[in-house]
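1. Next comes the sequence, and after it the predicted model I'd like to discuss.
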Amino acid sequence: KKATRVRLLPMFPFGIHQGGLELQCLKTCRALQRTGIDAKLFDYYRTDDQFDLIHLFGSTENYFDICKQVVGRWPIIISAVTGAPNAAKWRGPIWQTASSLATLVKLHTSYYRMREVYSMAASVICLNQLEAEFLKTTYGVPVSKLNVIHNGVDGANFAADSGPFYKKFGLRNFVLFTGNIVQRKNPVRLAEVLKELSLTGVFIGRTISAEADYGVRFRSLIKGASNLYWIEGLPEQDSLLASAYAAADLFCLPSTNETQSLSALEAMAAGTPVLLGDYPYAYQSPFEAAWRCNPLDPSSMKTMIRRALDATVPIQHPLPDSYRWEKVAASIATLYQSVIDSIN
C-alpha cells in the first residue's frame with residue numbers, strides 16, 4: 001500500500017520565527033515520518049511535488065488566499081491552536097453580524113476570512129474540548145469536522161535524568177521556565193517574583209525581534225539578580241532540555257494565553273509539578289491537577305509558588321502514555337486516511 005503523502009505548512013517560516021506552533025509542526029512531521037507517512041514540510045518552490053493532503057498549523061487569516069488556491073485540489077487539514085480564551089456563545093453571532101455588514105460594502109473582515117478558512121478545511125484538529133467548543137460557537141465549524149488530538153511529547157522526557165543538567169550548570173532546587181521571552185508568557189513578572197522570594201529561577205528561552213523591548217527588560221532584570229539564571233535557548237532536541245525538566249522542583253508557566261503548552265506537557269512527563277496561569281485552558285486535560293495562579297497578580301503567583309514548593313507531598317500528575325508522539329502521530333495518520341477515504 002502506498003504511503004500517505006502529506007505536506008505540512010506552519011504559520012511562519014522557521015527562518016523568521018520559531019515558537020511553540022512551529023515546533024509543534026516540526027515535531028508532528030518527524031513523528032509522522034516514523035509511522036511510515038510520507039510527511040514533509042511544504043516547499044513553496046516546487047511545482048512537481050505530488051501529495052495527498054496539505055496540513056496547516058495555526059489559525060491565521062493569511063491562510064485565506066492559500067486555501068482558495070488549494071481547495072478542490074487537495075484536502076486541507078488545519079491544526080487550529082487558537083489560544084481559545086473561552087467559548088462564549090455571544091461571540092460568534094456578534095462577529096458574524098459585523099462581518100456580514102462589512103461584506104455588504106465589499107470588505108472582508110479578519111473574522112470572515114478565518115471563517116472561510118475553516119469552511120474550506122476537510123478536518124480541523126483541536127488540542128482540547130475547549131478549543132473544539134470555541135471553534136464551533138465562534139466560527140460555526142461543524143462538529144463533524146472537529147477532531148480532538150492533543151500534543152505529543154518525546155519519549156526522552158518520560159525517562160529524563162536530572163544528572164546531565166546538574167553536571168553542566170551545577171543547579172538544583174530551582175523553579176524552571178521554558179519558552180520564548182515574550183510578554184504573553186510572562187517571564188518578567190515571574191523573574192520579579194522569584195527575585196523577591198529569593199528562590200533560584202532558571203529561564204530557558206530566546207528573545208524575539210517582534211518583542212525586543214520586552215527582551216531588553218528581561219535581560220536587565222536577570223543581570224541584577226544573583227538567584228536568576230538565563231540559558232538563552234537550548235536546541236529542541238538537546239537532551240539537556242529534558243534533563244532540566246527533571247532537575248526542577250517546579251515548572252512555572254504563568255502565561256496569559258495558551259491552548260495546550262508543549263513545555264508544560266514535557267515537564268509533566270518528567271514528573272515535575274506544574275504551575276500554570278488560572279485560565280480556562282489550564283482546566284483542560286491533562287492539566288486538571290496542576291497548580292494555578294493569577295499571572296497578573298504577583299501576590300497570587302508568590303502564594304502559589306510557595307504552596308507548590310512547600311507541599312508535603314508534591315502534586316505530580318504523571319502524563320499518560322497516550323501523549324507519547326508515536327501514539328499521537330498514529331491518531332493523526334488515522335485522521336488523514338479517513339479524510340482520503342471520504343473523498344474517494
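-> Thanks, I have it.
2. Now that we're looking at Pro93, what pLDDT does it have?
-> Pro93 carries a pLDDT value of 56.
3. Also the one 10 residues further on?
-> You'll see Thr103 listed with a pLDDT of 56.
4. got it, and the one 4 residues further on?
-> In the prediction, the pLDDT value recorded for Leu107 is 51.
5. Can I get stretch 272-284 as PDB, trimmed to CA atoms?
-> Extracted in PDB, the C-alpha atoms of stretch 272-284 (Å, rounded to 0.1, in the frame of the first residue of the first chain):
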ATOM      1  CA  THR A 272       7.800  17.700  37.700                       C
ATOM      2  CA  PRO A 273       4.900  19.700  39.400                       C
ATOM      3  CA  VAL A 274       3.400  22.300  37.100                       C
ATOM      4  CA  LEU A 275       2.100  25.800  37.900                       C
ATOM      5  CA  LEU A 276       0.000  27.500  35.200                       C
ATOM      6  CA  GLY A 277      -2.000  30.700  34.700                       C
ATOM      7  CA  ASP A 278      -5.500  30.400  36.000                       C
ATOM      8  CA  TYR A 279      -7.300  30.400  32.600                       C
ATOM      9  CA  PRO A 280      -9.700  28.000  31.000                       C
ATOM     10  CA  TYR A 281      -7.000  26.000  29.200                       C
ATOM     11  CA  ALA A 282      -5.400  25.100  32.500                       C
ATOM     12  CA  TYR A 283      -8.600  23.200  33.500                       C
ATOM     13  CA  GLN A 284      -8.500  21.100  30.300                       C
END
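6. From the chain's centroid, how far away is it?
-> 13 Å (Cα atoms, centre = their mean, to the nearest Å).
7. Would you mark the buried spots in that stretch?
-> Neighbour-count burial for stretch 272-284 flags 272-282, 284 (criterion: 16 or more other Cβ atoms under 10 Å). Bear in mind the C-beta positions are built from the backbone N, C-alpha and C, glycine included.
8. Can you pick out the most distant pair from these?
-> Thr272 and Pro280 (22.9 Å; Cβ to Cβ).
9. where along the stretch 151-300 of the chain do the helices fall?
-> Secondary structure of the stretch 151-300 of the chain (DSSP state H, counting those that start in this stretch): helices located at 155-158, 163-169, 187-197, 212-223, 239-247, 262-269, 298-310.
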